[in-house]
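Asks: Sharing a model prediction with you, sequence too.
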Amino acid sequence: MQNIKKIIYSWVSQRYMNGCSSYNNLDVRKSCRSKEQARAVFSQGNVPHAKGQIFLNPMTAHRFAKTHGFPLVIKPNVSGYSRGSYFPINSFTELWKAIFLAKIWWPTTVVEQYLKGHNYRVVAIKGELMSVIERYPPTITGDGIHTISELIDEENAIRKAMDLHPCIYPIEKNEQTINYLKKSKYTLESIPPKGEDVILFYRISLAPGGTVRTIDQDTIPEDNKQLFLDVLRMFDANILGIDVIFEKGIEHSFHDQKCIFLEVNSRPYLKMHDYPRYGKKEDLSPYYNKLNQIEISNADIY
């Protein structure tokens, strides 16, 4: 059985987790696998997080919406890279459609409250923060002259010139983008006003063309930093990728704004931290040197 688990874990790692770190033991990875587990730890540690519920029966999510209202998030209980996640959901029609699509990925599904704000991935290791990035959905900014199609070409050319393509994907002018633009009553031939940010897809992930910006840690208040380190301690982890939304921004104390912790990743995808579209590329080698000295039990077992 042990050998079978190793083979399965090796296949999963190669197929779905290329570029992800592996510095936590099996017990820690088990404790971080689902959104439900994370929410339970957040609740116990008084960490701000969204109210949510795990469900098999879609009526559970329907009742949750009637009780808590919209906007909401629907996502698989176990997933990564925002696969199968849908937000913001603002109606029962959108809710039922999202439930159907999310269950293609995983049978148990999560419904959660949604907070509009700034989305961050914070990588914490023992005693310090390794890297903090803000994540953006695929977006272009209007100049009052060029069409959205031309602005996508321009953005993709910048990404290519910056050698981001091994990690950051080009924005596609596909059916997905065209359909999403319809929500803003735009087409690829529309000319958005100067300065308007046009979001081309809702998901804040790299595959549909999302980007990241490095955050200068000197701009983060000490109480925010301590909260991230407290979360690391709660899971007894060597490293965690912590996903969090701040309504105003991470440069403001979490005491002074709405803030929700979404989930923790025991094998955070560190590769994207080396390919910022905005901000300064960081030298993370000192952190890797520390992590590589840690002895990890059952590192190759699922």
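Replies: That came through, no problem. Numbers count the residues shown, from 1 in each chain.

Asks: For the stretch 51-200 of the chain, give me the ranges with low pLDDT.
Replies: Residue ranges of the stretch 51-200 of the chain with pLDDT under 70: 79-82.

Asks: Tell me which stretches of it form strands.
Replies: Under the criterion DSSP state E, counting those that start in this stretch, the stretch 51-200 of the chain contains strands at 52-55, 72-76, 86-89, 109-113, 118-125, 128-136, 139-141, 197-199.

Asks: Rounded mean pLDDT for the very next helix or strand once past the last one, please.
Replies: Looking back up the chat, that one is strand 197-199. Per DSSP states H and E, the first helix or strand lying C-terminal to strand 197-199 is strand 211-214. Averaged across strand 211-214, pLDDT comes to 97.

Asks: Next secondary structure element downstream of strand 211-214?
Replies: helix 222-234.

Asks: And K75, how far from K116?
Replies: Distance of K75 to K116, computed by C-beta to C-beta, to the nearest Å: 16 Å. No exception for glycine: its C-beta is placed from N, CA and C like everyone else's.

Asks: An error on my part: the question was meant for D274.
Replies: In terms of C-beta to C-beta, D274 sits 29 Å off from K116.

Asks: Specify which residue of the two has the higher count of neighbours.
Replies: D274 (17 against 11; other C-beta atoms under 10 Å).

Asks: ok, how many other residues are close to the nearest residue to L227 once chain neighbours are set aside?
Replies: Spatial nearest neighbour of L227, excluding adjacent residues (C-beta to C-beta, 6 or more residues apart in numbering): F254 at 6.1 Å. Using other C-beta under 10 Å, F254 has 21 neighbouring residues.

Asks: Look up the pLDDT of F254 for me, please.
Replies: 97.

Asks: domain ranges for this structure?
Replies: 20-49+116-137+210-295, 51-114, 142-201 (the TED database).

Asks: for the residue nearest to G127 when sequence neighbours are not counted, what are its contacts?
Replies: Nearest non-adjacent residue to G127, counting by C-beta to C-beta, 6+ apart: L229, 7.1 Å away. Taking C-beta atoms under 8 Å, 6 or more residues apart in numbering as the criterion, L229 is in contact with A124, G127, E128, L129.

Asks: so what's E36 up against?
Replies: Contacts of E36 by C-beta under 8 Å, 6+ apart are I54, N77, V110.

Asks: what helix or strand is it on?
Replies: If you go by DSSP H and E, E36 is part of helix 35-44.

Asks: Just give me the neighbour total for C20.
Replies: Using other C-beta under 10 Å, C20 is surrounded by 17 other residues.

Asks: if we look at the sheet, which residues does it bridge to?
Replies: With DSSP bridges as the criterion, C20 is bridged to Y269.

Asks: what's the spacing between it and R33?
Replies: Separation of C20 from R33 (C-beta to C-beta): 14 Å.

Asks: that older thread, need the strands of the stretch 51-200 of the chain in a markdown table (columns: mean neighbour count).
Replies: Shown next, in a markdown table, are the strands of the stretch 51-200 of the chain (neighbours: other C-beta atoms under 10 Å):
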| stretch | mean neighbour count |
| --- | --- |
| strand 52-55 | 18 |
| strand 72-76 | 24 |
| strand 86-89 | 19 |
| strand 109-113 | 24 |
| strand 118-125 | 23 |
| strand 128-136 | 20 |
| strand 139-141 | 17 |
| strand 197-199 | 15 |
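
Asks: Would you mind giving those strands as a markdown table with distance to S285 added?
Replies: Below are the strands of the stretch 51-200 of the chain laid out as a markdown table (distance: least, C-beta to C-beta, whole Å):
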| stretch | distance to S285 |
| --- | --- |
| strand 52-55 | 37 |
| strand 72-76 | 34 |
| strand 86-89 | 35 |
| strand 109-113 | 36 |
| strand 118-125 | 13 |
| strand 128-136 | 11 |
| strand 139-141 | 31 |
| strand 197-199 | 34 |
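
Asks: quick one: which of these is nearest L101?
Replies: strand 86-89 (6.6 Å; C-beta to C-beta).
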